[in-house]
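Asks: One predicted model, sequence on top.
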Amino acid sequence: MKILRTIFWVLAAFGFLIFAIYNWQPVELLLWQNLVLETKVPVLALLAFLAGFLPMWALHRSVTWQLNRRIRTLENSLKNSALAHRADLDTAASASHAADRPVENSGKTAGEPADVFSPSDTGSDGGAGE
């Protein structure tokens, strides 16, 4: 695609060069009442081309930039969503594996959490300090 664009621009430049060679004549433009601009025809043609081309090119580049930003945002949100879904699946899988293992309850009653600093076996073994 880039080769086609290059061929187009080379042909356009070659066409403009031929136009400029055959139309190299001075032209007077009356800008205001006392201000006269004397220039050549190809310069006017080039200015007219740029006056039409540059705004549309700037619009095209800004829309392309905006759409690329939107695409990046959507891709990032999709990636984050997939990672979150995968994390949910991993936690669900680990929870199902944890449900298969026996649970040791070292708390005194059903709702009371286990004391981390107490020994796991509270039998009367005659430990130190008792």
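Replies: Good, I have the coordinates.
Asks: From now on I want contacts and neighbour counts done on CA atoms only, so please keep to that.
Replies: Noted.
Asks: What pLDDT is listed against residue 77?
Replies: Model confidence at residue 77, given as pLDDT, is 93.
Asks: Packing partners of the lowest-mean-pLDDT helix or strand in the chain?
Replies: Within the chain, no helix or strand scores below helix 41-100, which has a mean of 89 by mean pLDDT, DSSP states H and E. Counting contacts by 3 or more Cα pairs under 8 Å, 6 or more residues apart in numbering; DSSP states H and E, helix 41-100 packs against helix 2-22.
Asks: State the next helix or strand along the chain beyond the helix it packs on.
Replies: Once the chain leaves helix 2-22, the next helix or strand it forms, by DSSP states H and E, is strand 26-30.
Asks: how far out from the middle of the chain is that next one?
Replies: Relative to its chain's centre, strand 26-30 lies at 49 Å (Cα atoms, centre = their mean, to the nearest Å).
Asks: go on, stretch 68-85?
Replies: Averaging C-alpha positions (Cα atoms, centre = their mean) puts stretch 68-85 9 Å from its chain's average.
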